[in-house]
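Novice: I would like to see how this sequence folds:
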Amino acid sequence: MKQQLIRGVVIDWTLIREDSYLRRIEAIGGLEQIDFAGPVTFFVGENGSGKSTLLEAIAIACGFNPEGGTRNYRFSTHDSHSGLYEAIRLIRGGRPVKWGYFLRAESFYNVATQEEEYSRGPGGIPQHFHEQSHGESFLTLIQTSFREGGLYLLDEPEAALSPQRQLTLLTEIHRCAQGGAQFLIATHSPILLGLPGAEILSFDSGRIHPCRYEDTGSYQVTEMFVNHREQLLRRLLEED
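Specialist: Numbering: from 1, shown residues only. Predicted coordinates:
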């Protein structure tokens, strides 16, 4: 396995305002350093736990556009990103980042629109994302942009994918990682989280910590629903 592109990040909180909401995110506030143990690292946790906020900040610190795309994308439809990226210092590995992609499910429509503009230029190859379903466009992106040796930051990539297509994504992640790519992924998908050998970092319980696959909320809730569906629904719906 090739050396990682990014071994970790350091956060300098003196560069963050005292009244910033970032300090109130329990798992992130006061975090000084986080290290990545392997080529694939998953961020897991409840909504609002800070995983997407940290992933976004790392992506911007790496030179990616806040709304997504490659490091060549330079556009903005709505500036909603936090200032956390300004306080982040990357701990780089022994190889430079030559190619990568920042995929945000929530803003992919904007990226697809911008891609149409960029593809009109010299040498552009249009992908026609808007002519495909949301899930199909995600798969087109995966199959055309994921390469061995690249850096990929994915925020809830499962959002538009069926369970079968999530398995396709899992195999692409594995293939690229075997070829030296590195992935940082915020996800709720119990399918993606099952990737063998991946590092899982939980943002729950007020701190970022390593977590076993079977201890993730995504796995536990899914396992409970599949194996005890009638009991679970009866209890939930009766309470409602």
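
Novice: what packs against the helix or strand hosting L167?
Specialist: Per DSSP states H and E: L167 is located in helix 163-178. Secondary-structure packing of helix 163-178 (3 or more C-beta pairs under 8 Å, 6 or more residues apart in numbering; DSSP states H and E): helix 134-145, strand 182-186. Bear in mind the C-beta positions are built from the backbone N, C-alpha and C, glycine included.

Novice: hey, which of the ones you listed is tucked in deepest?
Specialist: Most buried of the helices and strands packed on helix 163-178, by mean neighbour count (mean count of other C-beta atoms under 10 Å): strand 182-186, with a mean of 26.

Novice: okay if I get the helices and strands packed on helix 163-178 as a markdown table plus distance to L54?
Specialist: A markdown table is the format used below for those (distance: least, C-beta to C-beta, whole Å):
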| stretch | distance to L54 |
| --- | --- |
| helix 134-145 | 22 |
| strand 182-186 | 8 |
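
Novice: distance to W13 and mean pLDDT added to those, as a markdown table?
Specialist: Shown next, in a markdown table, are the helices and strands packed on helix 163-178 (distance: least, C-beta to C-beta, whole Å; pLDDT from 0 to 100):
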| stretch | distance to W13 | mean pLDDT |
| --- | --- | --- |
| helix 134-145 | 34 | 74 |
| strand 182-186 | 21 | 97 |
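
Novice: for D35, find the nearest of these.
Specialist: Judged by C-beta to C-beta, the one of the helices and strands packed on helix 163-178 that comes nearest to D35 is strand 182-186, at 12.1 Å.

Novice: coming back round to it: out of the helices and strands packed on helix 163-178, which is closest to Q3?
Specialist: Of the helices and strands packed on helix 163-178, the one closest to Q3 (C-beta to C-beta) turns out to be strand 182-186, at 9.7 Å.

Novice: may I have that closest one as CSV, with CA atoms only?
Specialist: Taking Å, rounded to 0.1, in the frame of the first residue of the first chain, the C-alpha atoms of strand 182-186 are listed here in CSV:
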residue,chain,number,x,y,z
GLN,A,182,-7.1,8.0,-0.1
PHE,A,183,-10.7,8.6,0.9
LEU,A,184,-12.3,10.6,3.7
ILE,A,185,-16.0,9.8,3.8
ALA,A,186,-18.9,11.1,6.0
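
Novice: okay, now the sheet partners of the helix or strand just after it, with direction.
Specialist: Using DSSP H and E, the helix or strand that follows strand 182-186 towards the C-terminus is strand 199-202. Strand pairing for strand 199-202, using DSSP bridges, gives strand 40-44 (parallel), strand 209-210 (antiparallel).

Novice: out of everything not next to it in sequence, what's closest to R175?
Specialist: Once flanking residues are discounted, R175 sits nearest to E148: 7.7 Å by C-beta to C-beta, 6 or more residues apart in numbering.

Novice: residues contacting that neighbour?
Specialist: Shown in contact with E148 (C-beta atoms under 8 Å, 6 or more residues apart in numbering): 175-176, 178-181.

Novice: and the furthest pair within these?
Specialist: Across these (C-beta to C-beta), the longest gap, 11.0 Å, separates R175 and G180.

Novice: compare those two (neighbour count), which wins?
Specialist: The neighbour comparison of R175 against G180 (other C-beta atoms under 10 Å) goes to G180, with 17 against 13.

Novice: mind checking the SS state of G180?
Specialist: Under DSSP: H, G, I helix; E, B strand; the rest coil, G180 falls in the coil class.

Novice: correct me, but it touches G149?
Specialist: Yes: with contact defined as C-beta atoms under 8 Å, G180 reaches G149; the gap is 4.4 Å.
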